[in-house]
Structures are given as C-alpha cells and as structure tokens.
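1. below: sequence and its predicted model.
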2 protein chains.
Amino acid sequence: MRFSYISHLHCPKCGKEYPADRIQQLCECGSPLLVDYDLKELKKNWMPADLAGRSNDLWRYHELLPVMDEKNVVTLGEGMTPLLRMERAGQDMGIPHLLMKDEGIIPTGSFKARGAAVGVSKAKELGVQELAMPTNGNAGAAWALYAARAGIKASIVMPVGAPLITRNEVAVSGANLNLVNGLISDAGQMVGQAVKAHGLYDASTLKEPYRIEGKKTMGIEIAEQMHWKVPDVILYPTGGGVGLIGIHKALKELAELGWIKNKLPRLVAVQAAGCAPIVKAWEEGRTDSQFWEQSETVAFGINVPKALGDFLVLAAIAETDGCAVAVEDGELLQEQALIARLEGAFVCPEGAAAFAAARRLKQSGWIQAEETVLVLNTGSGIKYPETVNVEAPVLQPGDLLQRRTEEGEVSWGRKGKSTNEM
Amino acid sequence: MRFSYISHLHCPKCGKEYPADRIQQLCECGSPLLVDYDLKELKKNWMPADLAGRSNDLWRYHELLPVMDEKNVVTLGEGMTPLLRMERAGQDMGIPHLLMKDEGIIPTGSFKARGAAVGVSKAKELGVQELAMPTNGNAGAAWALYAARAGIKASIVMPVGAPLITRNEVAVSGANLNLVNGLISDAGQMVGQAVKAHGLYDASTLKEPYRIEGKKTMGIEIAEQMHWKVPDVILYPTGGGVGLIGIHKALKELAELGWIKNKLPRLVAVQAAGCAPIVKAWEEGRTDSQFWEQSETVAFGINVPKALGDFLVLAAIAETDGCAVAVEDGELLQEQALIARLEGAFVCPEGAAAFAAARRLKQSGWIQAEETVLVLNTGSGIKYPETVNVEAPVLQPGDLLQRRTEEGEVSWGRKGKSTNEM
C-alpha cells in the first residue's frame, strides 16, 4: 500500500499536465492546477472499512492526499470536526433535517487549518524553505502557525481591517507580518511582487495546488460521518471558494471510488450582499466573475472581490444543480445570534451567512422541507468578538445580582452601571 | 447494557451518601460530593474494544458518565481533543517525550466545555430550569452556551477583568450576564445570595457534582489515546482544580476496571506565582489551602484565591507522588511565545504555565529526561489576544513588502509605519 496515490497535476482550463514531485504554482495559462490520483488503482486497494481505527484527523484519508511520505506530515490534530444536528434552528427555518459541520473546532479556530496542514506538509516535502501569502486573516494565521511547526519561514500580508485576533496568531508564530491599508487584492499584489523578487513559495489561494486537497477533506468527512449517504444540499460561505471546489472534488473522487451511495448534493455558494461577484456571475449566466468594486461586509473572510478559482466554483454549482445566494450583513448577524441562542453554537459571521441563506432558500422553495441540508460553519465566533454587542450591568462586590430578560426587564436587585456607560 | 453505571453520590469528607436521581449540591458538611459508579458490574460488561466505532467525543465513555438516558445528552461535539507530540519544545527543555493534550480544540475553545456538556446534560435530566454561576470567564461561556442548547436559563457573574471574549460568548448565548468589580470569590458570594433568594441551581465549581465527571474524560482520553499506558507525569494548570481531581478520579476508575497497564502518573498542580494557594499549602505540608490575598496573574483562569476542592487536589498530588509548582507571569508568557514558534500551537497562558513548570521540574531534576511528560493546555490562545504583542509595519497598496527577522532587521523594501505608532 502506498501512503498517497497522487499521480500528477493538471490544468482544468487548458489540460496541460505537470509532475507533482517538484514545486508547481499556476499553469502556464494562468489557471490554478488540480491534483490527480490513481483512483483506479486505489479503488482496488482501499475500502471504507479500512478507516476504522485510524487517527481522528484528516490524515485518516492519506491515500487521497498529496503527501507521499508520512514523515512529512505536519499536524496539529486538525479534522474530524463535529457534525451536529440543529434541531431547534431547523424547526425555526422549517428545515427539520438541518445539520452543521462545525469548522470552529479545529486548530487556529477556522477551516483554514485544513488547507494549511496539507499545504505546509506538501511544501515541506517539496523542500520549501520560505513562503509568502496574502490573507483576510484566518488563512494567514493557519499557514503561519503550521509553517512554524514545519520550520518553514513565512511572510504574511493582511488588510488592517482583518480580524485583530488573526494578527496575534501570526505574530505569536514568529512569522513576518505586514499590514496593508487596503483589501486582500492589494495584499496579493504585494505578495506577487515579493515572490518574484525573492524567489519565495507563493502560498496564495490556489497559486499552490495543495490547499484545496486539505479543504476537500471536509467533503470526505461529511460523507463518512453520514455513513456515505451525502446530504441533499450543502451551503458554503464563499470568498475564494476553495472549500466549495474542494468538497466538489472530494465527492466526485469518492463517487469514482464507489463509496457514495446517493446523488451528489446541490452545492450553494453563499456570499455577502456587499461582496457578491460569484452570485452576480451566476445570475448573469457567466462562467467567471468580475472584480467587485468597493466590497464591504462584516463577514471578513468572504470579502474577496475576485477569486482566482471563480470559474471552478461556478462550474461546481452548475454541475450539481446548485445556486449562488447573497445575504445582507444585518440578516447574517441576526442569524448568528439566533444560532447561539437556540443551539449554543457561537458561529462566525461567514457561517451565519450560510444559515441565513438556508432560511432564504427554504422560503423561496428552492429547499424542500424534507431535504437534508448541511451548513458549513467555517470558523469559531470567538475570533470575531466585534460581531456581538455586550450589555451587562457592572456591580460592586456585595451588590445583588440583576436579572435581565430578553425584554430588558430587571427583576432582581437594584440597577448597576451598564458596560455601555463605562 | 445500561447507558450509565452511576450508582450514587458520596461525600469525600464525612462519607455521607446521597441518591443521584434528584438535585444535590454540597454535602450537609459543606464538602463537594463525588459520583460513584457500579464498577464491579461495569467491569463484567465493558472492555476497551467496545469503544471502537463510537462517536469521537467524550460521550464514547457514557457508561462512566452520570447521564442515565441518552436523550438528555446535550452535545456540541466536545472531546477527543488532539494528543500531540511536542518534539521541538521537548528538545528545548530536555524532555524528548513531551506531549500536549490540546483542550483548545473543543467547543467554546476551552476545556470548560467538558464540564459544561456533562453538567448541563445532567441538569437537564434532573429537570433544572434555571442555573447560576460565578466564573473567571471560560466556564461561564461554556455553561451559558450549553445551557442555551439545552433550553435552560442561565445567570453568569464574572469579574470585569475576565477575558473580554468570554463576555461575548455569554452575551451571544442570551444568558443573563452580570459583571463585578472584583474577583471570582466576590462573584461567588453574589451567586450564593441569588441562589438562596430565587431557588436557582447552583452551578458553581464543585457545588454540583457533575462538572467533575465531564472533566475526568480528559484522563480517560489520555489513557485511550496512549493505548492504556499512561504517561509518567501530567502537568495541569490549577485554579479550582476540578480537572486535576477529575483526571485522578478517571485514572483510579480505569485502574479499578483493569484497563490501565502501568503505574498512575505523578500529578503536578501548576499555579501562577501571583495566586498560588495550593503550592503554598503543599510546601507547608497542609491538607487544605488558605485564601490568597490580592491575587494577580495574566493567566486569568487560574486566578482562584481559594478553591473549594483544594483538599482533593492536595490529596491527588500526595497520592500520586506529584507536586505543586508556581511560575512567574514573565516566565509563562515567554513559554507561550516559544511553544508557538517551535510547535505552531497558540496555547493559552494557563497552558503555557504548565509548560514553564515542566521546564522548571526538568531543571530541578524532579522530571527525568527519559520520562513521558504530558502537559494539559486548557484552552486556545485565541481567547487571550492581549497576551501577544503585535508589531507590524502598515503599508499602502503598492508598497514593497518588508521582511522582519527575529533581530528586527528589515531587509526588504522601505520602512512603513509601525502599528505601535497608529
């Protein structure tokens, strides 16, 4: 048995093939490259039962991952995140079979850990000494920390507006952190310049082919956790769209291996109304998107004005009879609070956007009540404290406790000073 | 097979027994109560092999947990956190077999989720409608969110100095949040008054018997993840000490079941020098601790001036030939940065304290180089952004990237404005 069944890389645009045993970035034609596996051979040697007793992380699927030698695996225990029933929220939306895959329960607190774990492991295998990348925060945090574990140097560039906690994560890792007064597209331009000038490994979204392989494990896990019977619909908050592309790739590979028993899910790309290039392209019937000017949303992770893999996202939606939906910031913040109150889950604003989209699609009839609907929460709400408004009385020792109901009534003790007045 | 083998509760101080089928708080004598199981019966019916194929969360050990009916389980997928090898940090400390159990990779980002999951589930089973508790932040966040999932009302009181993010978690859950200009002991006094006046369920540390059962699953997981051969030493950051008591209880129960193959680990209670009542009691040979005046430490979770279960912590240390160690704030912050740079793990300050203690104990010869040493990181560093100093240049779009080495040298591009000047 081989540890990995990787065979080569190919370009989904022009078809050109590349060997996977040396550093590759984009195709000559400018397109991202995808990883191919020797699925015919693997099908003969690998069955779902082989997974029993393996580690509870994404490396349990090592045959379908690109790292060839186990000793190059760089892991913090990422993967096999909880798949939870959301009964009360589902009831509220009229979707009784509502599920959440909670990617907040993972090292670095966001699904970016998957791409970083596999991307950094493969970079280590390929002999990379130093990498650089632009980020909206979470990806940079994950890559900086995994690079530290691998002993690889990292330069990370993020917008000043990115979630503050992700700055701390990059800083504590010892990586070279630069901030930019602009968007991730500006950060990307600066990284491109440095990559060219200093010969760094470009770890930008889809500019190396392996992050997507890490992300695809979300799809494999969903299938395994549902006993190889996949849901009817998967909603995914879409910035760069790597997770959606990855999940689609995973499900097709599993189907080819004969592991999936039913029809592939309809994939839904969810964006914020303030940055919805994929939704616009989808509605206009285009196969790629246009740069979204002056993008803005509280769901910072999906503030991506133009994604390199937009054509792959749009193709995945089209192939699965899916769709693309935009939701307003107010809507997603309301959904975030509701999910916490009904389900005890503090989801990130991007995940909340996907819940809001599920609600919309049920209302419009696109989702049927009997369908099994899975929402990907891509990160922990802990990383976005600014999305929650805290109002609480400040008491002195010995004061009586106050009780505040949802209506704001105070029925215990005397009034204290509110945090808002501090 | 029964879902739970719980039999009754007993008082470790006076020996009095209580039935477990109704609400119980402290013993008449003022001591916390402990949960007993019908281990003789369980030993006949349960083997490690039975765990294969069970859910990857702490409920895989339901026979040794207090919830009798599976339908009362309130879960967010907590447990089975990563057990990681810390090769580079271990090398740095002279402890080649250094391990970390990473309790940051869990719902709500701290090990408090374990106590909350089991405590809230049992509260639901006992018909609790409303609970109250004081907290240093993380426990309140966890209990508020799990209570929301269970449909139980919660009042949470935390010091104004507690980590800000935990305020957000409590607020988003819809719980009744009160802040106090004081310590957790002040918050506890206020909760006690409200519990008495309004007939609430007192979920304070050790004032209900089930949180400890959730925490003990750390011990069971360590044993299972190490294939029932436990480490030589376990270091645990100790505030209320419930986790240490729980791990000790778990290991003794597993030994009684015949599952553990070697000697129990020496348990080490780690405290901050600014709040070290257990260490002081240990050094003075006392069996309980005294209130620590004017306690202060950046490791907020272990700022507990007097723990109700101090005598159980001291007994666990004594029984296992363990010890108690205090570390300075500067020391633990340095260790936190080092663990991030060498291992890519952003641990919380409390976890960092335990790493610093391991280093000290190796230097003093109490830990031997060939021993297997496990450090519990009780939460994610993400929840403590203020412990990390961020220095990064702020660039304008089109600027050249800057490269900062550990020595502060800038070898790329021109100088930008530092965040410190913003």
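-> Everything's here; your move. Keep in mind that what you see is a predicted model, and the values were worked out from it rather than measured.

2. what about the residue in the stretch 301-422 of chain A that chain B sits nearest to, how many residues nearby?
-> Of all residues in the stretch 301-422 of chain A, residue A:344 sits closest to chain B, at 3.0 Å by C-beta to the nearest C-beta. Every C-beta, even on glycine, is put in place using the N, C-alpha and C of the backbone. For residue A:344, the neighbour count with other C-beta atoms under 10 Å in any protein chain shown is 30.

3. leaving out the residues flanking it, which one is nearest to it?
-> By the measure of C-beta to C-beta, 6 or more residues apart in numbering or on different chains, the closest residue to residue A:344 outside its immediate chain neighbours is residue B:149, 3.0 Å from it.

4. now for the one you found: which residues touch it?
-> A:342-345, B:74, B:76, B:120 (C-beta atoms under 8 Å, 6 or more residues apart in numbering or on different chains).

5. out of those, which comes closest to residue A:155?
-> Of all the contacts of residue B:149, residue A:345 has the smallest distance to residue A:155: 34.3 Å, by C-beta to C-beta.

6. now the residue nearest to the closest one when sequence neighbours are not counted: phi and psi?
-> Of all residues not flanking residue A:345 in the chain, residue A:339 sits nearest, at 5.5 Å (C-beta to C-beta, 6+ apart). Here is the backbone geometry of residue A:339 (degrees, to the nearest 10): phi -60, psi -40.

7. ok, now how distant is residue A:109 from chain B?
-> Distance, residue A:109 to chain B, by C-beta to the nearest C-beta, to the nearest Å: 5 Å.

8. where in chain A is pLDDT low?
-> Across chain A, the ranges flagged by pLDDT under 70 are A:405-411, A:413-422.

9. would you map out the domains in chain A?
-> Residue ranges of the domains in chain A are recorded as A:83-109+A:211-386, A:390-422, according to automatic domain parsing.

10. of the ones you listed, flag the one that's most buried.
-> domain A:83-109+A:211-386 (a mean of 23; mean count of other C-beta atoms under 10 Å in any protein chain shown).

11. how long is that domain from one end to the other?
-> The straight-line separation of the ends of domain A:83-109+A:211-386 (C-alpha to C-alpha, to the nearest Å) is 26 Å.

12. how many other residues sit next to residue A:49?
-> Close neighbours of residue A:49, defined as other C-beta under 10 Å, add up to 7.

13. for residue A:78, what are its contacts?
-> A:57-58, A:106-107, A:113-114, A:117.

14. which ones, among those residues, also lie beside chain B?
-> The subset of the contacts of residue A:78 within reach of chain B, by C-beta under 8 Å from any C-beta of the partner chain, is A:57, A:106-107.

15. hang on, the earlier thing: what is the most widely separated pair among the contacts of residue B:149?
-> Within these, A:342 and B:120 form the most distant pair, 14.9 Å apart (C-beta to C-beta).

16. do a quick rundown of the helices in the stretch 151-300 of chain A.
-> For the stretch 151-300 of chain A, applying DSSP state H, counting those that start in this stretch gives helices covering A:164-173, A:184-198, A:211-215, A:217-225, A:242-257, A:277-283.

17. distance-wise, check the residue in the stretch 101-250 of chain A that chain B sits nearest to relative to residue A:124.
-> Of all residues in the stretch 101-250 of chain A, residue A:149 sits closest to chain B, at 3.1 Å by C-beta to the nearest C-beta. Residue A:149 sits at a distance of 10 Å from residue A:124 (criterion: C-beta to C-beta, to the nearest Å).

18. overlap of the contact sets of those two?
-> Common contact partners of residue A:149 and residue A:124 (C-beta under 8 Å, 6+ apart): residue A:74.

19. okay if I get the contacts of residue A:78 as TSV plus distance to residue B:30 and secondary structure?
-> Below are the contacts of residue A:78 laid out as TSV (distance: C-beta to C-beta, whole Å; DSSP: H, G, I helix; E, B strand; the rest coil):
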residue	distance to residue B:30	secondary structure
A:57	44	coil
A:58	49	helix
A:106	42	coil
A:107	42	helix
A:113	45	helix
A:114	49	helix
A:117	49	helix
